[in-house]
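Enquirer: build me a model:
(2 chains)
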Amino acid sequence: MTGPRFRIAPSPTGYFHVGGARTALFNWALARRLGGTFVLRIEDTDAERNQPEWTQGIIDALAWIGISKDDPHFEGPYFQSELAAAHVAAAQQLFEGGHAYYCDMTAADVEARNKVEGNQGYQGWSRDRGLGPGPGHVLRFRVPPGNTVVHDLVRGDVEFDNALIEDFVLLRGNGSPMFLLANVVDDMNMRISHVLRAEEHLSNTPKQQMMWQALGHEAPVWAHLPLLVNEQRKKISKRRDKVALEQYRDEGYLPQAMVNYLMTLGWTPKGEEIQPWAHIEGDFLLEDVNHSPAFFDLKKLAAFNGEYIRQLTVEQFAAACRPWLLADDAPFPADRFDEATFLAMAPHIQPRCVTLADAAGVIDFLFLADPVIDEAAWTKTFSSPEAVAVLRDSVHAYDGIADWSADALKSSLEVIGESHGLKLGKAQAPVRVAVTGRTIGPPLFEALEVLGRDETLRRMRSAEAAVA
RNA sequence: GCCCCCAUCGUCUAGUGGCCUAGGACACCACCCUUUCAAGGUGGCGGCACGGGUUCGAAUCCCGUUGGGGGUGCCA
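Expert: Purely as a prediction, here's the structure:
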């Protein structure tokens, strides 16, 4: 695959961050449209943290949002910890070229010296001491005089004064490479042409750009994406916020909804917000990306998800709900679940779901031996004598009804309601509570039809006995 | 402290000097529809942070202020 090369470099932390997912999506849209490559690099210089299951988790999360490792545009995964030799070699090259120097001061030494001299940061103390490598010696980059201009595709040119950038560490005292170096070397060796990442990296970009130049290469195209923030306007983090993509997947969010929503954070498709991926991929332009941080709004995500759920065919919807319907923590035992019954009710529950996980709670009464009674609803509903009378009359009427269909059941109850001066909206309440246990739920008569005569009457009689 | 970024309804955004008495979406409110709850329909509320310029004309350009965020590690 020729063309531009993009990359994402998640760290193996055990979950995939939604912010990382958005960055991945932006990279993916461009890589595919431009006929380029999307490189996945698991980034951690510490091999111990590259747990195989975490890597698989990242690959699964990417696949969920449509970034498949089987796609010809996909390359990787690579493991940064396996590339350490190249990092050290690059550091050596930098040292030999005079772009880096060794220093024997520890962090504590620097701090102590700063205290005495009233300075801040590393002051380039070992720049001209001519030290060589040795135990405890760190390799520092020799920041050249002048300015560094970062050409950023979303923000334009950003200028930094090199004098304000301290000689940063490339190799630790134990000889291991630092992240900033490893990152540059890997991007270079993997011939990455475009680096799209979150804005938090912008401040460190001049350091990386100087390394690219010192190593004799032209820096890649940079593009820093607006941060994703919480209601406090701080960047979303695992500690405070729900950031694991896997969690949204497990809670019944549709990947199409998540993808579409994520893409609208910092960018808007032409026309309507709700757009299929093909359209997004064809339209996405870095130049159109916003500059300001975006609030990750669960409510809007929920709205997108509801919208995408409604777009599903009934069969797709039913199939998509299955895992939650048959889960161990479903509100009814899996062996009582019946596919045909669910399918019959599916059109009615589909517009009532914000997530796929919601479905089980809407139709639980169909698959439970006895409905779960909402005490407050029960008490309130049967506190009225008319309600009790309606229940009694409808038991009688339903017992003898010839045609057990939603329409017939409805007409019958309408007549009973009128005889007690009640409109259908009020008259259906006692039957609903008796059969489903709640005052709210899917359309009642359709549910009764599906539940069947015997079970419906059994529940109604049981309720009648209880309120008598 | 220093450096960098950002600033349009509560939120995500459209807007690139006249089409803006600022458009859409989510949320919220009201009404309609209705078998409860949803969904759907209609309508409403609500914003260019502030102060200076530039210009015939500024949400749009410039400067400053204020506010918010990020970075500044022998973390990634």
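
Enquirer: now A:E455: how far from A:A427?
Expert: Distance, A:E455 to A:A427, by C-beta to C-beta, to the nearest Å: 21 Å. Where you see a C-beta, it was placed from the backbone N, CA and C, and this is true even at glycine.

Enquirer: higher neighbour count, these two?
Expert: Shown here are A:E455 and A:A427; by other C-beta atoms under 10 Å, A:A427 has more neighbours (25 against 14).

Enquirer: need the three-state assignment for that one.
Expert: Under DSSP: H, G, I helix; E, B strand; the rest coil, A:A427 falls in the helix class.

Enquirer: same question for A:P371.
Expert: Assignment for A:P371 (three-state DSSP): coil.

Enquirer: and the helices in the stretch 301-450 of chain A?
Expert: Using DSSP state H, counting those that start in this stretch, the helices of the stretch 301-450 of chain A run over A:314-325, A:339-349, A:358-362, A:375-382, A:385-400, A:406-419, A:424-436, A:444-451.

Enquirer: in TSV, list the ones you listed along with distance to A:P226 and mean pLDDT.
Expert: Shown next, in TSV, are the helices of the stretch 301-450 of chain A (distance: least, C-beta to C-beta, whole Å; pLDDT from 0 to 100):
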stretch	distance to A:P226	mean pLDDT
helix A:314-325	32	98
helix A:339-349	37	97
helix A:358-362	31	97
helix A:375-382	46	96
helix A:385-400	55	96
helix A:406-419	51	97
helix A:424-436	46	97
helix A:444-451	47	98
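
Enquirer: any chance of the ones you listed in TSV, plus distance to A:D71?
Expert: Below are the helices of the stretch 301-450 of chain A laid out as TSV (distance: least, C-beta to C-beta, whole Å):
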stretch	distance to A:D71
helix A:314-325	23
helix A:339-349	32
helix A:358-362	31
helix A:375-382	51
helix A:385-400	56
helix A:406-419	47
helix A:424-436	46
helix A:444-451	42
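
Enquirer: I'd assumed A:A447 was in contact with A:T341.
Expert: No: A:T341 lies out of contact with A:A447 (C-beta atoms under 8 Å); the separation is 9.8 Å.

Enquirer: more neighbours, the two?
Expert: Of the pair A:T341 and A:A447, A:A447 is the one with more neighbours under other C-beta under 10 Å, namely 25 against 17.

Enquirer: ok, and the helix or strand in chain A with the lowest average confidence?
Expert: Within chain A, judged by mean pLDDT, DSSP states H and E, the helix or strand with the poorest mean is helix A:107-117; its value is a mean of 87.

Enquirer: ok, then the element right after it?
Expert: strand A:138-141 (DSSP states H and E).

Enquirer: related to what we said a few turns ago, what residues does the least confident helix or strand of chain A touch?
Expert: A:105, A:119-123, A:125 (C-beta atoms under 8 Å, 6 or more residues apart in numbering).

Enquirer: equivalent analysis for stretch A:453-467, please.
Expert: Here stretch A:453-467 makes contact (C-beta under 8 Å, 6+ apart) with A:370-371, A:382, A:388, A:391-392, A:394-395, A:398-399, A:404, A:430-431, A:433-435, A:448.

Enquirer: over to stretch A:366-376?
Expert: A:331-333, A:336-338, A:341-342, A:345, A:364-365, A:433, A:435-439, A:447, A:450-451, A:459, A:462.

Enquirer: what's the answer for stretch A:275-295, then?
Expert: Applying C-beta under 8 Å, 6+ apart, the contact partners of stretch A:275-295 are A:26, A:29-30, A:32-33, A:66, A:153-155, A:196, A:199, A:223, A:225-231, A:233, A:235, A:256, A:259-260, A:263, A:265-270.

Enquirer: closest point of the stretch 1-150 of chain A to RNA strand B, which residue?
Expert: The stretch 1-150 of chain A approaches RNA strand B most closely through A:S11 (3.4 Å), counting by C-beta to the nearest atom of the strand.

Enquirer: before we move on, the earlier item: now do the buried residues in the least confident helix or strand of chain A.
Expert: A:V110 (16 or more other C-beta atoms under 10 Å).
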